[in-house]
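In: Need the 3D shape of this:
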Amino acid sequence: MIVHKLRWTRPTGWRTMRGEGAAITPQLILLFGARAALQESDALATLRTQYPGARLVGCSTAGEICGTDVSDDAIVAAVVQFEHTQIRVMHLPLISMDESHRVGAELAGALRADDLVHVLVLSEGLQVNGSELLAGLREQLPAHVLVTGGLAADGAQFEKTSVCIDGGCAEHAVAAIGLYGDRLQVGHGSLGGWDAFGPERVITRSKGNVLYELDGAPALELYKSYLGRHAGDLPSSGLLFPLSVRGAANEKGVVRTILGIDEAAGSLTFAGDVPQGHLAQLMKANVDRLVDGAQGAATSSLEALGNTPPELAILISCVGRKLVLKQRVEEEVESVRDVLGDDTVLVGFYSYGEIAPFSGSTACELHNQTMTITTLRER
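Out: All right, here's what the predicted structure looks like:
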């Protein structure tokens, strides 16, 4: 596998950050960029002209990761030439959350094959029920096929997100990349670093990813009481106080981030399901533990490759982590570099949700507020 790393900004256009001067015939270009940069520039057209045989897949972000640099209002790209791996790209429109399960199932059905090893998913970030999207994928894929990826973002604006396929970007779409062949090794890791606080409460009324009541009380009202002065900035301030949800006291919880609120209904809409009868608890940030979580995710992704450094690492971290870390945001990326080494190309983005299995599992889950890493290498 040969990977070049590029970065686009308005003043400079595309610049090669790694691989300058080396010839490459890529099959795949992964790109992640600010929504305005993707829509208002000719950056995608330039890549299509330069690499006419490559499939171009990406999404809008809440920040771009290029090596150990984190930027806003830029576009980053990994230009990938596989030596022994085949790819297939599928995409479908996703107009409403109710279609999430069907879209996941149809994408998985189109990609399924005996030699399918991995599926990388990039979804629109606002009109999706990530849990249902992944349930559809799981239903149609063999248990051994790993699924990772993330939900597109729009900074902290929560207005529109974009998924890019080849020459264009769509606001309501899901893209899936199938990777095929027995020479490809894939690792993954996903960890958070948030601390729980306050009592654990029972979800007494919910529907899918919409939460109405906790312990019989209106969820939005209760949530606002914990946020205090931050309540007026919802839904964006909810990124600082996610919810941990688990089915029973001995289960591992998944973290859920708020996508929207409904004042009239007193409800909160999350990126994934918040099942009725499950337990929920608020969480808050611990900066040092967030950085440790990123390092732990990198370690897990490396161990899955037998501790052999990968050629490419795709980093998808949550916008909430970026808002908490502020000037220290690059520390979590640097902690990944410390684990994976200087020979691994790092690219990625800050998202509205992360897709990966729990450690030790192959079943994909939707996470929020994690650093999720997918590592790739060919044997």
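
In: contacts for stretch 131-139?
Out: Residues lying outside stretch 131-139 but in contact with it, judged by C-beta atoms under 8 Å, 6 or more residues apart in numbering, are 97, 100-108, 119, 121, 123, 147, 174, 176, 208-209, 272-273, 355, 363-366. C-beta here means a position set from N, CA and C on the backbone, and glycine is covered the same way.

In: other SSEs contacting the lowest-mean-pLDDT helix or strand in the chain?
Out: Taking mean pLDDT, DSSP states H and E as the measure, strand 364-367 is the helix or strand of the chain with the lowest mean score, a mean of 84. Contacts of strand 364-367 with other secondary structure elements, assessed using 3 or more C-beta pairs under 8 Å, 6 or more residues apart in numbering; DSSP states H and E, are made with helix 130-140, strand 146-151, strand 254-256, strand 353-357.

In: Of the contacts of stretch 131-139, just the buried ones, PyMOL syntax please.
Out: Only the buried entries of these go into this PyMOL selection, using 16 or more other C-beta atoms under 10 Å:
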select buried, resi 97+100+101+103+104+105+106+107+108+119+121+123+147+174+176+208+209+272+273+355+364+365+366
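
In: Narrow the contacts of stretch 131-139 to those in strands?
Out: Judged by DSSP state E, strands contain the following of the contacts of stretch 131-139: 119, 121, 123, 147, 174, 176, 355, 364-366.

In: Reformat those residues into CSV and put distance to residue 2 next to each item.
Out: Putting the ones in strands among the contacts of stretch 131-139 into CSV (distance: C-beta to C-beta, whole Å) gives the following:
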residue, distance to residue 2
119, 22
121, 24
123, 28
147, 25
174, 28
176, 23
355, 26
364, 28
365, 32
366, 32
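
In: And the residues you listed, which is closest to residue 49?
Out: residue 176 (25.3 Å; C-beta to C-beta).

In: can you map out the helices along the stretch 51-200 of the chain?
Out: Using DSSP state H, counting those that start in this stretch, the helices assigned to the stretch 51-200 of the chain run over residues 100-111, 130-140.

In: and the ones you listed, which one's lowest on average pLDDT?
Out: Looking at those, the lowest mean pLDDT belongs to helix 130-140 (a mean of 94).

In: Now that one - C-alpha only, PDB.
Out: Once side chains and other backbone atoms are set aside, the C-alpha atoms of helix 130-140 remain, and they are given as PDB (Å, rounded to 0.1, in the frame of the first residue of the first chain):
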ATOM      1  CA  GLY A 130     -26.900   5.800  13.700                       C
ATOM      2  CA  SER A 131     -28.000   2.800  15.800                       C
ATOM      3  CA  GLU A 132     -30.500   1.800  13.200                       C
ATOM      4  CA  LEU A 133     -28.100   2.400  10.300                       C
ATOM      5  CA  LEU A 134     -25.600   0.000  11.900                       C
ATOM      6  CA  ALA A 135     -28.400  -2.500  12.800                       C
ATOM      7  CA  GLY A 136     -29.200  -2.700   9.100                       C
ATOM      8  CA  LEU A 137     -25.500  -3.200   8.200                       C
ATOM      9  CA  ARG A 138     -25.000  -5.900  10.800                       C
ATOM     10  CA  GLU A 139     -28.100  -7.800   9.500                       C
ATOM     11  CA  GLN A 140     -26.600  -8.200   6.000                       C
END
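
In: pLDDT wise, what is the residue minimising distance to the centre of the chain at?
Out: By C-alpha atoms, centre = their mean, the chain has its centre lying nearest to residue 150, at 2.3 Å. According to the predicted model, the pLDDT of residue 150 comes to 96.

In: Equivalent analysis for residue 271, please.
Out: The per-residue pLDDT reported for residue 271 equals 81.

In: Just to check, it is in contact with residue 123?
Out: No. Here residue 271 does not reach residue 123: they are 10.0 Å apart, not a contact under C-beta atoms under 8 Å.

In: So for these two, which residues contact both of them?
Out: Any residue near both residue 271 and residue 123 by C-beta under 8 Å, 6+ apart counts here, and that gives 130, 151.

In: Show me which helix runs longest in this protein.
Out: If each helix of the chain is counted by residues according to DSSP state H, the longest one is helix 287-303.

In: Where does pLDDT dip in the stretch 201-350 of the chain?
Out: Counting by pLDDT under 70, the stretch 201-350 of the chain contains low-confidence ranges at 249-250.

In: hmm, try it at 80
Out: The model of the stretch 201-350 of the chain has pLDDT under 80 over residues 239, 248-253, 285.

In: Show me where it has its helices.
Out: Along the stretch 201-350 of the chain, the segments classed as helices by DSSP H, counting those that start in this stretch run 219-227, 287-303, 319-325, 329-340.

In: picking that back up, go through the helices and strands packed on strand 364-367 and name the closest to residue 264.
Out: For the helices and strands packed on strand 364-367, distance to residue 264 was read as C-beta to C-beta. The smallest value, 21.6 Å, belongs to strand 254-256.

In: Enumerate every residue touching the residue nearest to the centre of the chain.
Out: Taking C-beta under 8 Å, 6+ apart, we find residue 150 in contact with 59, 121-123, 316, 349, 351-355, 372.

In: Can you tell me which of those residues lies closest to residue 181?
Out: Of all those, residue 181 sits closest to residue 121, with 19.0 Å by C-beta to C-beta.

In: Report the beta-bridge partners for the closest residue to that closest one other than its chain neighbours.
Out: For residue 121, ignoring the flanking residues on the chain, the nearest one in space by C-beta to C-beta, 6 or more residues apart in numbering is residue 149 at 3.5 Å. Beta-bridge partners for residue 149, by DSSP bridges, are residue 121, residue 355.

In: For burial, what's the neighbour tally of residue 149?
Out: Here the number of neighbours of residue 149 (other C-beta atoms under 10 Å) works out to 29.

In: my guess is it meets residue 355, correct?
Out: Yes. Here residue 149 lies in contact with residue 355, judged by C-beta under 8 Å, at a distance of 4.3 Å.

In: Double-check residue 265 against residue 212; I have them as touching.
Out: Yes. If you go by C-beta under 8 Å, residue 265 and residue 212 touch, sitting 6.8 Å apart.
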